[in-house]
Every structure is written in C-alpha cells, then in structure tokens.
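K.L.:
Kindly generate the corresponding structure for this input.
(4 chains)
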2 protein chains.
Amino acid sequence: MATDTKTSKAEDPAADLALEDFLPYRLNRLADLVSRSFSRIYRERHGMTRPEWRVLASLGQFGRATASDIVTHSSQHKTKVSRAVAALEKRGWLKRESDENDRRVEHLELTRAGRGIYAELAPFARSYEAAVFAEMGDADWQALERGLSRLEDCLIKRP
Amino acid sequence: MATDTKTSKAEDPAADLALEDFLPYRLNRLADLVSRSFSRIYRERHGMTRPEWRVLASLGQFGRATASDIVTHSSQHKTKVSRAVAALEKRGWLKRESDENDRRVEHLELTRAGRGIYAELAPFARSYEAAVFAEMGDADWQALERGLSRLEDCLIKRP
DNA sequence: AATTTTTTGTTGAAATTGCAACTGTTGAAT
DNA sequence: ATTCAACAGTTGCAATTTCAACAAAAAATT
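P.N.:
As a prediction, the model looks like this:
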C-alpha cells in the first residue's frame, strides 16, 4: 500500500477521506461480517436465505401477520417477502389464510413444522448476541446500543 | 428442556427474540438505510455502483494500489473489484500499469479525470457524515464510534 | 531443472436482487 | 353506479452478485 510517495495531501486536497472510517462503509462491512457469521446457522441447517429467515422470525415473533406487515417489520422489499413466503410455504413451514373481509389480504402463520424450525433457530440468535456481548463487555455493548438506537432515530426522520 | 407440551401460542416456545432488536438485523438495516441515502450521490451524478465507488475511494485515498490491496482495504470480493476496476477503466477514470518484476500484478491509479471525480465526491462523503453527526449530537456519535470500533475488533478475531 | 503449490486476476454461468409492470380487489369521487 | 385512484401481492426481466473454474505467473518443493 502506498503511503506517501508522490501523492500527498497537498497534491490531493480531497484526501482526508479514509474509507475505513467512513460510516456507510463501516456499517456495511460490519453488517456483512455479522450476517456472514450468523447466517451460517440457518443456511447450513436448513438452506434458508436471509429473507426467509426474516419472514420466519417475524412470524415467530408475531404469530400471525400479513405480507405487508412483514415488509414493514423486516425492512425488506415486497418482492423479497413475496418470494420468501412462497418458499417457506413450499416447505410446509408457513400457511396462508385469506381474509374474509378483504380478499386482497392473506394472513400468514407458521405451521407446526415452521414453529419447530423457529424454536430451533431462535436460541442460536440469542446465544449469538450473548457471545458478542460477552466478547465486547458491558460498557462497549451499551455504547453500541446507544449509538445504533440514536442513529436509527435520526435516519428514519431524514432519509 | 421444554417447559410444557401445550405449544399453544407463538409467543410461548422461543420468543423473546424481537427481530428489531437483533444485532445482525439492526446492522443490516442501518447499513441499507445509510447506503441508500449516500449512494444516491454517486449513483445519480455518475451512474456509479457501490463497488466502483469503493475502488475510486480507495485509489483516491492511496494514490496507487493493486487490485488485491483494494480487495483487502474495501472488503469486497475480488470479482467485484475486478469488474469495478474494468468499469472505471472503461470510463477513463483509472489506469493500469503492469509491475515490472511481477507480471501478475497491475498497479492501479486514478487518471486526472478520475481524481476529478473523486475530488468532487469526497466532500459529499464528509458532509454526509457531518450531517449525521450534527443530527445525532456529540455524545451519541461518540457512543456509536466506540461501539462500532469495539465490534470491529471483536468480529475480526472471531469470524 | 522439473514439478507442484500458491498467488493474482479474469470470466461464465447460476442464483439473487430490484424495478416496473401487472392482476385482482377495495375505497373514494364524481 | 361508474369511474378513478389506492392497495396487496405477484411476476417478468434486466442488472448485480456469487461461486467455481480458469489462465498466467511466481514461489516452493522435489
């Protein structure tokens, strides 16, 4: 890596931008690292994709929800949700029920098998977080929580 | 082991897992939000992709580097870097120079035009961060910095 | 020196994604 | 009541990403 050969900051006035310190890059990189490490669990055990995991987790959490609910709650594009729902249904982990009053809407629910998978995976999710927490230590974890929460608030208001 | 065999509601079995509080989900979501908002700048102004932006930023920062250097520095798969480099070269923003001693290696550098684009974009990157900082406030920003840094340290050790 | 292994970087093909267009349904406005 | 807009969800298609295989060159092994 070139340090200060011929291209110095004097010559290149735009260069106090270090990619490794840039917030969007850091967040993307961390999200990637964390995902890669956690997604192994549901991918290797059940060949699940991330969209599928999120739908499963949403339904595990809520019990019953529409695709739109899941779009909102899981922050995924509706096509992702649509395809993930179809995939989970195909495996018999999810069932649909048409709404009586509004025939556009389908209520989604995990089947018994689906709940089984969720019950299997959820503890891994918690223990994954517990491991990170243990590794980081309480103070740094709380700093992270605080920073992320505040950033979430800020970004929702001005996207 | 299991508490009881009823398996009635979805809240029963494993469900104090709230997706919205789960670290991998939060990081991915924030990374997405932040990226979406910042990437508009290079996407709309120059039709650039994120891999291309990262290569440009790496070269803007280092002046001269090999593709491998950029893979490491920008945390991107080598195929992404390879294609991003080809795209930037095609637009005349980047030039390659073969290494004399090792003919596998190519040293990459921005052209004058490429440096121009970088000089145009880098201030946006900084002002984007400044805006987030201003919105969050100093204390929360520092908490975020601390949390992210610590998490980076932890995740590199245990992937 | 000849072989094997590693490294650098590229490419083809399959899988994933995102956008826009679409169907079918409900609600609102005229 | 009829038209028009809005909404829930799906699908086709193009762009992107990923994976594995590849070529070429250098390093390591024999």
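
K.L.:
Can you check the pLDDT for the closest residue to residue A:125 other than its chain neighbours?
P.N.:
Leaving aside its chain neighbours, residue A:125 sits nearest to residue B:17 (5.4 Å; criterion: CB to CB, 6 or more residues apart in numbering or on different chains). Using the backbone N, CA and C atoms, a C-beta is placed for each residue, glycine as well. We have a pLDDT of 94 for residue B:17.

K.L.:
what's around residue B:17, how many residues?
P.N.:
18 (other CB atoms under 10 Å in any protein chain shown).

K.L.:
same deal with residue A:20?
P.N.:
13.

K.L.:
cool, residue A:79 as well?
P.N.:
10.

K.L.:
pretty sure it belongs to a strand, no?
P.N.:
No. Checked against DSSP: H, G, I helix; E, B strand; the rest coil, residue A:79 lies outside a strand; its state is helix.

K.L.:
Look up how far residue A:85 lies from it.
P.N.:
11 Å (CB to CB, to the nearest Å).

K.L.:
just residue A:63 next, same as before
P.N.:
For residue A:63, the distance to residue A:85 - CB to CB - is 15 Å.

K.L.:
And the two? Which one has more around it.
P.N.:
residue A:85 (20 against 16).

K.L.:
For chain A, just list every one of the strands.
P.N.:
Taking DSSP state E as the criterion, chain A carries its strands at A:64-66, A:94-98, A:106-110.

K.L.:
Can you say which of those is nearest to residue B:119?
P.N.:
For those, the distance to residue B:119 is smallest for strand A:64-66, at 48.4 Å, taking CB to CB.

K.L.:
packing partners for that closest one?
P.N.:
Using 3 or more CB pairs under 8 Å, 6 or more residues apart in numbering or on different chains; DSSP states H and E, the elements in contact with strand A:64-66 are strand A:106-110.

K.L.:
can the strand it packs on be found next to DNA strand C?
P.N.:
No. Using CB under 7 Å from any atom of the strand, strand A:106-110 never reaches DNA strand C; the gap is at least 11.0 Å.

K.L.:
Show the model's pLDDT score for the residue nearest to residue A:41 when sequence neighbours are not counted.
P.N.:
Leaving aside its chain neighbours, residue A:41 sits nearest to residue A:124 (4.8 Å; criterion: CB to CB, 6+ apart). pLDDT, residue A:124: 95.

K.L.:
and residue A:124, how many residues sit next to it?
P.N.:
Residue A:124: 16 neighbours (other CB under 10 Å).

K.L.:
just the one 10 residues further on next, same as before
P.N.:
Using other CB under 10 Å, the number of residues around residue A:134 comes to 11.

K.L.:
From DNA strand D, how far off is it?
P.N.:
Residue A:134 sits 28 Å away from DNA strand D, taking CB to the nearest atom of the strand, to the nearest Å as the criterion.

K.L.:
and that residue, how far is that from chain B?
P.N.:
Distance, residue A:134 to chain B, by CB to the nearest CB, to the nearest Å: 10 Å.

K.L.:
Check the gap between the nearest residue to residue A:82 once chain neighbours are set aside and DNA strand C for me.
P.N.:
Distances taken as CB to CB, 6+ apart place residue A:67 nearest to residue A:82, at 6.5 Å, with adjacent residues excluded. Distance of residue A:67 to DNA strand C, computed by CB to the nearest atom of the strand: 12 Å.

K.L.:
got it, and residue A:94?
P.N.:
Per CB to the nearest atom of the strand, residue A:94 is found 17 Å from DNA strand C.

K.L.:
That residue is in contact with residue A:81, isn't it?
P.N.:
No. Applying CB atoms under 8 Å as the test, residue A:94 and residue A:81 come out as separate, 11.5 Å apart.

K.L.:
Many thanks, we can stop here.
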